[in-house]
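[1] here is a sequence with its predicted model. Questions after.
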Amino acid sequence: MTYLIDILLIALGAALINNFIFYYFVGICPFIGVSRRVEMAFGMGCAVTFVMTIAAAISWTMTRFVLMPGAPLTQWIAGWWLDPQTAAGVDLSILSYIVYIFAIAASVQFVEMYLRRFFPLLYRSFGVFLPLITTNCAILFACLTIMSRLVGVDDPAARWDLGQALVLAIFGGLGFTLAIVIMAGIREELEACDVPTPFRGAPIALIVGGILAMAFMGFTGVDNGLKTALTPPAVVAQAPPTEPPSGAPTP
Amino acid sequence: MIIWVTIGLSVTAMGILAVFFTAVLGWANRAFHVPVDPRIEACVEALPGANCGGCGFVGCREYAAAVVCDAEPVDRCVVGGQACAEALAAIMGVDPTPSLPYRPVVHCGAHTADRLLRAPYHGEPTCAAANLVNGVQGCTYGCLGFGDCQRACQFDAIHVIDGLATVDYTRCVGCGACARACPRNIITMAPFKAERILAVACSNKDSGKDVQRVCKVGCIGCKTCQRTCSLFTVKDNLPSIDYDAYCPDDLGDAIRAMEKCPRHRIVVVGKPSAKDLAALGDEALPDVVTPDFKTTVDDTEWRG
Amino acid sequence: MSTPSAGQRFIRGILPENPVYRQMLGLCATLAVTNNLKSAVTMGAAVLFVLVCANLMVSLIRHLLTPHLRIVIFTLTIATFVTVADRLLAAFLYPMSKALGPYIPLIIVNCIIICRCEVCAAKQGPLTAVADALGQSIGFTLALVSLAAVREILGTGMWFGFRVLPAAWPDWVIMVLPPGAFLTFGLLLGLTNWISAQRAGKEEA
């Protein structure tokens, strides 16, 4: 039960409360660049969600078994030369950034080839976005979030398992899609508006983004409310959104 | 010792990862290989690459793929025209069929002064928006003149001149973007069997009396043309030309019908004729002191 | 067009081709770390380090690059230097490293660096590449500082944590929250466009 609540909170947090675009500002480039047409934005969002899920799975596996301090595979191999106490000091986490970006690049390539062969229709609808995704901050950000829940967490029970990592990736991707689709819808309407010349294009898009971010701030605190509401298992009620906290969160 | 083990393990880990991904991608490249017909690339090369959508496909690449895979006719590209059709036919090894160039015809002939009951309109200045509003002008069929077609054109070939969309046939490539953009559907794509063809420059289907109330030049549905020439059929108070039977070399009756039309709604459209060009040339000469009004563009048959 | 010299590259990066205001690159970092001046300056310094090293490295190996492996090599080079920068920050400026969190590793996918490697370093010599890197990262830092200065003073009434506005200033908390980043950047971008349009108009007149 607690596990399910945890999953629910991760999903809600990734998709709405701490939306990748409006809270963490990752994936802003496609947000400004691609979000001109709703269909294109949706295609981009689907592609990002897809790759994010695969990259999350790879990076979780790599971090859990090879990269984090005390990872079983590394310990086992290091144990061949070192005594167990010294071997515990072997830490490959410096490699993590390189491994993640490598995994993302490779999985983007793989997904592109796979789709092209087996799902030509899908490839036609979002294949053009795939090469752009390699340098999409949102995907690396998902990998880094997963890493931060594994490396440096002392309590083994608090470390994320594969399920939690995948939920973060899928719902984070859905939140990203939601954000750029909303933005594309607004920008289609903006085309017909009389915007002052210096603000045409990116500036007005950013200001609209700001207003949307304010709207998404309304979700702040929903997670805590839900948690308190759900923790006594008998009470299942929708908690009202609480007021956003007055202090600034450190992004 | 520990530092060497760490370095060694890092190198090994990265090495294994590199080998693993290389192997997977190399295998995928072989296993998921999609045979791409080299003729598609050749066709894409032959096409102009304007991606205008005039062929009915999303872009040049899609049309090329359709030509190669689905045996689409090679003469669909309106921008490239005959030369492009021949190039595609050579790649595909088929005989090029002579393709008729389709060009837009604006079925309205009323300039601002000819339109009656026009009300001031302060809404969004597009035809699509104005078309939704009742009473922008008396005629509910004719050109609104806000230039949706002009904005749709990638080739700068259609302009709103004195409130009426006017095609510049010297620039037009026939992609049909203007016809798709017009909310009143008064632009149609007509087969130009010659450089200049006859066309009906009105779209109003109301009875003669109603037309006279809203337009100084609109067709009143008098059927004179139908009686004079078999090419014309009047339906719903509006003549249409049977372009299938249209023969540019034998237009005797049609010319007579054009002359007889009391509202001069049957016009010749197309590239400016030698006469027009001569007239324009004369006009441009600075040393013509007494201009001959007979030779200005307005007085010629070219009203399109 | 002839290839620009080292000096031209340096000057261009700062204002005429400013990576943030003109090229709209590296926006994640721009928006995320500008809620106070301290983190903006740290971020600028980290980007400067990574960009200079990556540009120099790519420029040195530019004759060995093959077209379709180019981007992967750039990314891996950048990732290496980002790891170095990350460890340096964690060793010497631990609180800052904590505050910047994932945005230091996100420099890897910061488009500015890949773009500079591609445009300049892969084609020109080491000296030009370093000058270009310095120019671009100074331009980037200036943009971050301009944004952070507005946000911090309106949001908290302080600069670098020292009170500038009187204590009676009602802190516009929204400015240091995520929406403030979007709004400030949108308005500043509009302002830059307006100023450059004015200057272009004057030159014509």
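    Received it, and whenever you're ready, just let me know what you need.

[2] for the rest of this, base every contact and every neighbour count on C-alpha atoms.
    Will do.

[3] test my guess that A:V108 contacts A:F50.
    No - judged on C-alpha atoms under 8 Å, A:V108 makes no contact with A:F50 at a distance of 9.6 Å.

[4] neighbour count winner among these two?
    A:V108 (24 against 17; other C-alpha atoms under 10 Å in any protein chain shown).

[5] residues contacting that one?
    The contact partners of A:V108, by C-alpha atoms under 8 Å, 6 or more residues apart in numbering or on different chains, come to A:51, A:130-131, A:133-134.

[6] pick out the most distant pair among the residues you listed.
    A:V51 and A:P131 (11.0 Å; C-alpha to C-alpha).

[7] of these two, give the one with the bigger neighbour count.
    More crowded of A:V51 and A:P131, by other C-alpha under 10 Å: A:V51, with 25 against 13.

[8] what's the single longest helix in the chain?
    If you meant another chain, say so; for now it's chain A. Longest helix in chain A by number of residues (criterion: DSSP state H): helix A:162-190.

[9] think we crossed wires, I meant chain C
    Chain C, longest helix under DSSP H: helix C:126-156.

[10] pLDDT on that one, on average?
    Across helix C:126-156, the average pLDDT comes to 91.

[11] so what secondary structure elements neighbour it?
    Applying 3 or more C-alpha pairs under 8 Å, 6 or more residues apart in numbering or on different chains; DSSP states H and E, one finds that helix C:126-156 makes contact with helix C:6-14, helix C:37-60, strand C:158-159, helix C:173-176, helix C:178-204.

[12] which helix or strand contains the single nearest residue of the stretch 101-250 of chain B relative to chain A?
    Closest contact between the stretch 101-250 of chain B and chain A, by C-alpha to the nearest C-alpha, is at B:E124 (8.1 Å). B:E124 belongs to no helix or strand when assigned by DSSP states H and E.

[13] do the one 5 residues further on as well
    B:A129 belongs to helix B:127-130 when elements are defined using DSSP H and E.

[14] whichever helix or strand comes after that helix near chain A at all?
    Counting by DSSP H and E, the element after helix B:127-130 in chain order, helix or strand, is helix B:148-152. No - judged by C-alpha under 8 Å from any C-alpha of the partner chain, helix B:148-152 stays clear of chain A, getting no closer than 12.6 Å.

[15] report the rounded mean pLDDT for helix B:148-152.
    87.

[16] distance between it and the chain's centre?
    11 Å (C-alpha atoms, centre = their mean, to the nearest Å).

[17] on that earlier part again, which of the contacts of A:V108 lies closest to chain C?
    Closest to chain C, out of all of the contacts of A:V108 and judged by C-alpha to the nearest C-alpha, is A:T134, at 8.2 Å.

[18] what residue in chain B comes nearest to chain A?
    Taking C-alpha to the nearest C-alpha, chain B has B:F32 as its residue nearest chain A, at 5.2 Å.

[19] counting neighbours, what do you get for that residue?
    B:F32 has 18 nearby residues by other C-alpha under 10 Å.

[20] what do you get for A:G163?
    Neighbours of A:G163 (other C-alpha under 10 Å): 12.

[21] quick one: it and A:L8, what's the gap?
    According to C-alpha to C-alpha, to the nearest Å, A:G163 stands 12 Å off from A:L8.

[22] now do B:K193
    Counting by C-alpha to C-alpha, the gap from B:K193 to A:L8 is 68 Å.

[23] low-confidence ranges in the stretch 51-200 of chain B?
    By pLDDT under 70, the low-scoring segments of the stretch 51-200 of chain B are B:51-54, B:56, B:58, B:96-100.

[24] where does the closest residue to chain C within it sit: helix, strand or coil?
    Among the residues of the stretch 51-200 of chain B, B:R61 lies closest to chain C, at 22.6 Å counting by C-alpha to the nearest C-alpha. Three-state call for B:R61 (DSSP: H, G, I helix; E, B strand; the rest coil): helix.

[25] from chain C, how far out is the closest residue to it other than its chain neighbours?
    Once flanking residues are discounted, B:R61 sits nearest to B:V44: 5.7 Å by C-alpha to C-alpha, 6 or more residues apart in numbering or on different chains. In this view, B:V44 and chain C are 22 Å apart by C-alpha to the nearest C-alpha, to the nearest Å.

[26] who's in contact with whatever helix or strand B:V44 lives in?
    B:V44 belongs to helix B:38-46 when assigned by DSSP H and E. For helix B:38-46, the external contacting residues (C-alpha under 8 Å, 6+ apart) are B:60-61, B:64-65, B:68, B:84, B:87-88, B:91-92.

[27] what about that helix, distance to the chain center?
    25 Å.

[28] over to stretch C:155-173?
    Counting by C-alpha atoms, centre = their mean, stretch C:155-173 is centred 25 Å from the centre of its parent chain.

[29] got the end-to-end distance for it?
    5 Å.

[30] so which helix or strand takes in whatever residue of the stretch 151-251 of chain A ends up closest to chain B?
    The stretch 151-251 of chain A approaches chain B most closely through A:A192 (8.1 Å), counting by C-alpha to the nearest C-alpha. Using DSSP H and E, A:A192 sits in no helix or strand.

[31] find the nearest non-adjacent residue to residue 45, please.
    Since no chain was named, I'll use chain A. A:T177 is the one closest to A:G45 (C-alpha to C-alpha, 6+ apart), at 4.2 Å.

[32] sorry, I should have been clearer: chain C.
    In space, C:A45 is closest to C:T141, 7.5 Å off (C-alpha to C-alpha, 6+ apart).
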